[in-house]
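**Student:** fold the following.
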Amino acid sequence: MALAGKKLKGLVAATFTPMTSRNDIHLSVIQQYVDYLVKKQSVKNIFVNGTTGEGMSLSVQERKRLAEEWVKHSRGKMDNVIVHVGCLSLEDSKDLAAHAASCGADAISSVSPSFLKPSSQDALVLYLKEVAAAAPSLPFYYYHIPSLSGVTYQVSNLVGKMQLHIPSFRGVKFTDVNLMDFSLCIHEHKDLDFLYGVDEQLLGGLVFGARGAVGSTYNYLGSTANKMLAAFEEGNLQKARELQLKTQEFLAFVFALGWGLPDFKNIMSLISGIDLGPPRLPLVANWKPEHPENVRAELKRLGLM
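**Tutor:** Below you'll find the predicted structure:
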């Protein structure tokens, strides 16, 4: 396990799930995808089957096959493969956690159930304890994404309980704009990993102490984000701001068109040259014939091509 006894630092790409035109998972392009991330974006950590990967729209069997394929093609190339195992069903989450350990993943992560939500903080911790216990040898990360899960407990109030009850608890994938909560987590728990998950605010996360980040834009703007990390480490805040602004301007362009996850998947296909296929229903892309050229023009304007 690459993460054994180590801190997780740097960028983690939240990978898209390749699909065929018939919406079957497309395993044969994953090797090309891994090579692209390493060689073109200098990103060597991945978070698979999460939100960007449409994990909740996949069957348990599909998620297992994807985890196996990502792990297989990442050996010797990637530093860490984190497998998201969260499901609405506790038994499915435990099954996926055990499978992740058996196929060689470096860590697991789980979001809270989001239909029948935990009735209290303690209930959430008990749920996550069961998931983590199914793969006790793997570092476990709680996936906090309240905008989608609807579970809004302050992470700074949860972390101590997770440390007490989950022996393998390593940290949090923190996908929220509440930088005060994020800052309190880092201040109070310096021994844990807090991976910031809002790409357009990563610089703010760095200021408050983030050492790692998970996001979808690191699939195709990872080289830019890596330059920002380097500028921040060097103390060149002006350069870091300029680089963060490029990402912000591009995302502002995307959001102004009303685009979401399906369209980001198309952007990744466009930039990488890897056909990742369509999203799975209920998601539908808002992609028109003129959009590829519009995206290229905006990336060129910002110096991101």
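**Student:** show me where the stretch 101-250 of the chain has its strands.
**Tutor:** Residue ranges of the strands in the stretch 101-250 of the chain, as given by DSSP state E, counting those that start in this stretch, are 107-111, 140-144, 169-174, 193-196, 212-215.
**Student:** can you redo the ones you listed as TSV with mean pLDDT?
**Tutor:** Compiled in TSV, the strands of the stretch 101-250 of the chain are given as follows (pLDDT from 0 to 100):
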stretch	mean pLDDT
strand 107-111	98
strand 140-144	98
strand 169-174	98
strand 193-196	98
strand 212-215	98
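**Student:** nearest to Q41, of those strands?
**Tutor:** Among the strands of the stretch 101-250 of the chain, the nearest to Q41 by Cβ to Cβ is strand 212-215 (11.8 Å). Backbone N, C-alpha and C define where each C-beta goes, glycine included.
**Student:** partner strands of the closest one, with direction?
**Tutor:** If you go by DSSP bridges, strand 212-215 pairs up with strand 10-14 (parallel), strand 193-196 (parallel).
**Student:** now do the top helix by length along the chain: which elements does it pack against?
**Tutor:** When the chain is scanned for its longest helix (criterion: DSSP state H), the result is helix 237-256. On a contact count with 3 or more Cβ pairs under 8 Å, 6 or more residues apart in numbering; DSSP states H and E, helix 237-256 meets helix 202-207, helix 222-233, helix 261-272, helix 291-301.
**Student:** rebuild the ones you listed as CSV, extending it with distance to M56.
**Tutor:** CSV is the format used below for the helices and strands packed on helix 237-256 (distance: least, Cβ to Cβ, whole Å):
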stretch, distance to M56
helix 202-207, 25
helix 222-233, 24
helix 261-272, 12
helix 291-301, 26
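**Student:** hang on, the earlier thing: in JSON lines, list the strands of the stretch 101-250 of the chain along with distance to L126.
**Tutor:** JSON lines is the format used below for those (distance: least, Cβ to Cβ, whole Å):
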{"stretch": "strand 107-111", "distance to L126": "13"}
{"stretch": "strand 140-144", "distance to L126": "13"}
{"stretch": "strand 169-174", "distance to L126": "13"}
{"stretch": "strand 193-196", "distance to L126": "22"}
{"stretch": "strand 212-215", "distance to L126": "25"}
